[in-house]
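Peer 1: Give me a model of this one.
(4 chains)
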Number of protein chains: 2
Amino acid sequence: MSERKRRSQPTMRDVAEEAGVGIGTVSRVFSNVGAVAPATRERVEAVAKDLGYRPSALGRDLKRRSTNTVGLIVTDISNNFYGEFAEGVLATEKELGRHVILCASGEDAATEREYIDLLVEQRVDGIIAFPTGENLDAWEDARRLGINIVLADRELPGFTAPSILVDNVGGALALTEYLLALGHRRIGYLGGPSQLTTGSRREEGFRRAHVDVGVPVDEGLVVRTRFTRDTAYASAIRLLDSRIPPTALFAANNVLGEAALAAIRDRGLRVPDDISLVMFDDVPWARLVDPPITVAAQPAWSMGQAAARLVLSPDGTARSMTLPVEIQIRRSAAAHFTQTP
Amino acid sequence: MSERKRRSQPTMRDVAEEAGVGIGTVSRVFSNVGAVAPATRERVEAVAKDLGYRPSALGRDLKRRSTNTVGLIVTDISNNFYGEFAEGVLATEKELGRHVILCASGEDAATEREYIDLLVEQRVDGIIAFPTGENLDAWEDARRLGINIVLADRELPGFTAPSILVDNVGGALALTEYLLALGHRRIGYLGGPSQLTTGSRREEGFRRAHVDVGVPVDEGLVVRTRFTRDTAYASAIRLLDSRIPPTALFAANNVLGEAALAAIRDRGLRVPDDISLVMFDDVPWARLVDPPITVAAQPAWSMGQAAARLVLSPDGTARSMTLPVEIQIRRSAAAHFTQTP
DNA sequence: GTGAAAGCGCTAACAG
DNA sequence: CTGTTAGCGCTTTCAC
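Peer 2: Residues are numbered from 1 along each chain as shown, chains lettered A, B, ... in the order given. Below is the predicted model of the structure:
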């Protein structure tokens, strides 16, 4: 019986010694590179199993200067949109033999910065992020260190990077046109912070639809709010309580839509009889409520997949792409024609 | 001007040379351990910034034999329950200076095994998992290698590990008692696979409530299904189409509840007039639909927090804990008394 | 306080 | 085909 070193985990050297081969040979066996005589391979594998040896990524990554890791920075992983996106990333990266460090910024710039620094320190191969819009310097640093960066959903003014976007203007335009075609002339807009490009793009689509049909936008009905449940709800209530209330509501994402629906309920209004509602983002509950909500659906999973593919493409190869959003007409909007001719 | 090595990233040695100090000193500066003369520290930091030096976790982790990383294996991160749980884990680990590798098993044993192997290879300090129930040997291996394992939501028969559980029996019992008290005598049970302890526990509570009041369980109304939308929906439909349909439905988690609600809608039934519905798990949509659904709420975020705390506690210190579930009475269940005295 | 030196576990030449 | 030998970037004694 050979002496068993029970101190900590067995290493490649332990396996090599025990199997009576060189350490390089063991490496070849486990990295599946170079040729190893079948007999040798078998012996090494047997010894390894016997010893309970498991290769360590630490040594490997240090030597190879690559970690096969990507960082994913989302806003809030409990939000179904980011969850679907993350599923798309995970599935794709797994297939490529990589793994994902998950970070949730909570839309907070300081938190985002901490995470960027962490990911840099971990020497991830790439980062996929829904950027808050700040921390330009941290992003520059990361890139300078050779980390591939892919932006999702939003752009970062002043920082050029491949991005996975959706047609925010087009989606918002279509949704708004739909409402206008239904006869609505006072449409409330519940949007996110305008420094996020997502927010401004959707608002742009909303406005353009109005311009196209020559209907003025009532600025009193345009509200921008942070993406937290409380503030969003308060804003929605404010909109409903306008002196001349809107006949329809456009919620710029699912959090805002949830707030809008809750506010509508709490004010005792019915959808779509008393007020119509449409929103950006498709989420399971949109189909589940009664009536189901008409939405502009972003292909969250596919966006994650696309981002994952992009983030590993060789330097400079990556190109931004814009995915289409699909309007899902359901039953949350009704025709509204004023009495006066 | 000193010669700039532009080959790859600057290392500690580059900083040391440039600052005219020993490499050990640079290490002390960045690891904040040991004493460094203020003047020296300043100089080192200046040089580091100038060079764009960022410490690498690869070297550090290799030396320290610890990665400050924990693996999180959930079923489906787009499910709000896991999303909330993950938020709890992330927030807590971040505070502790650690980070999280996210894995989604899709409730598939083979996928789970691949992820366990991956995490072992990465030498994570710990793993938090919602185990599929298989891969006992892989779990044993991981533990043998010194990885702290914390199970969430479910237990793993044959593998003892600290777990974060909720009072599944109690929650299901209370929910069922509530329905029985309302007069329901034919309650359909839409449950998950029975090999998951979660599933069997909830079913146990469901049955015990019946026993307590002396009402027999109609086995034809007890359905177990996998957690996919399609199969869950089909099972719900089957339940509704029973020859003598149930007057109330108990859905054992939010996916099942969603399927149940969809099936109810599609069959043209109204909640709670035609059929009552309660479910396990509280999710945003449960409050949003009309009528809002009565649920047994698991404290998902706190569970994540508790798991994160447990997974880093020193060997053997970790104790399992069971968190309470809170019954949220809303308006999805109505009284049902039969005509006959 | 600080520098020198010995590795952590692995890969990648390079001889044989 | 296989053994040997340098390190990868960092921490950690151990002298000075």
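Peer 1: three-state assignment of A:R54?
Peer 2: coil (DSSP: H, G, I helix; E, B strand; the rest coil).
Peer 1: Next, count neighbours for it.
Peer 2: Number of residues near A:R54 (other Cβ atoms under 10 Å in any protein chain shown) recorded here: 18. Backbone N, C-alpha and C define where each C-beta goes, glycine included.
Peer 1: Could you check stretch A:17-24 against DNA strand C for contacts?
Peer 2: Yes. Interface with DNA strand C: stretch A:17-24 contributes A:23-24 (Cβ under 7 Å from any atom of the strand).
Peer 1: List phi and psi for the residue nearest to A:P299 when sequence neighbours are not counted.
Peer 2: With sequence-adjacent residues excluded and distances taken as Cβ to Cβ, 6 or more residues apart in numbering or on different chains, A:P299 is closest to A:L323, at 5.5 Å. Torsion angles at A:L323 (phi, psi; degrees, to the nearest 10) stand at phi -100, psi 150.
Peer 1: With A:T160 instead?
Peer 2: Per-residue torsions, A:T160: phi -90, psi 120 (degrees, to the nearest 10).
Peer 1: State the number of residues packed around it.
Peer 2: 12.
Peer 1: Any chance you could list what contacts stretch A:208-224?
Peer 2: Residues from elsewhere that reach stretch A:208-224, judged by Cβ atoms under 8 Å, 6 or more residues apart in numbering or on different chains: A:169, A:172-174, A:176-177, A:180, A:185-194, A:199, A:203, A:206-207, A:235, A:238-239, A:242, A:246.
Peer 1: contacting residues for the residue nearest to A:P299?
Peer 2: Each residue near A:L323 by Cβ under 8 Å, 6+ apart is listed here: A:164-167, A:298-299, A:302-303, A:306.
Peer 1: Tell me which of the contacts of stretch A:208-224 fall in strands.
Peer 2: With DSSP state E as the criterion, strands contain A:187-191 from among the contacts of stretch A:208-224.
Peer 1: got a winner among these for most neighbours?
Peer 2: A:L190 (28 neighbours).
Peer 1: Would you mind naming the helix or strand containing the residue of the stretch 101-250 of chain A found nearest chain B?
Peer 2: Residue nearest to chain B within the stretch 101-250 of chain A: A:L102 (4.0 Å; Cβ to the nearest Cβ). Element membership for A:L102 (DSSP states H and E) is strand A:99-104.
Peer 1: ok so, going back, which among the ones in strands among the contacts of stretch A:208-224 gets closest to A:E45?
Peer 2: The nearest member of the ones in strands among the contacts of stretch A:208-224 to A:E45, counting by Cβ to Cβ, is A:G191 at 59.5 Å.
Peer 1: which residue sits closest to that closest one, ignoring its sequence neighbours?
Peer 2: Excluding the flanking residues, the one nearest A:G191 by Cβ to Cβ, 6+ apart is A:A252, at 4.2 Å.
Peer 1: Which parts of the stretch 1-150 of chain A are helices?
Peer 2: A:12-19, A:23-31, A:38-51, A:57-64, A:80-95, A:109-121, A:136-144 (DSSP state H, counting those that start in this stretch).
Peer 1: most neighbours per residue, which of those helices?
Peer 2: Stretch with highest mean neighbour count among the helices of the stretch 1-150 of chain A: helix A:80-95 (a mean of 23; mean count of other Cβ atoms under 10 Å in any protein chain shown).
Peer 1: how about the residues of chain A near DNA strand C?
Peer 2: A:8-9, A:11-13, A:23-24, A:27, A:30-31, A:33, A:55-56, A:58-60, A:62-64.
Peer 1: Out of these, which are close to chain B?
Peer 2: Applying Cβ under 8 Å from any Cβ of the partner chain, the subset of these adjacent to chain B comprises A:8-9, A:55-56, A:58-59, A:62.
Peer 1: thinking again about what came up before, mind listing what the strand holding A:L102 pairs with, with the direction of each?
Peer 2: strand A:69-74 (parallel), strand B:99-104 (antiparallel) (DSSP bridges).
Peer 1: Show residues contacting the last one.
Peer 2: When contacts are defined by Cβ under 8 Å, 6+ apart, strand B:99-104 is touched by residues A:69, A:72, A:86-87, A:90-91, A:99-103, A:118, A:122, B:68-77, B:86, B:89-90, B:93, B:111, B:115, B:118-119, B:122, B:124.
Peer 1: chain center to that strand, what's the gap?
Peer 2: In terms of Cα atoms, centre = their mean, to the nearest Å, the centre of strand B:99-104 is found 11 Å from the chain centre.
Peer 1: Same check on stretch A:320-340?
Peer 2: Mean C-alpha position of stretch A:320-340 versus that of the full chain (Cα atoms, centre = their mean) differs by 23 Å.
Peer 1: And the average pLDDT for it is what?
Peer 2: The average pLDDT within stretch A:320-340 is 90.
Peer 1: Check the gap between A:V289 and DNA strand C for me.
Peer 2: Computed as Cβ to the nearest atom of the strand, to the nearest Å, the A:V289 to DNA strand C distance reads 52 Å.
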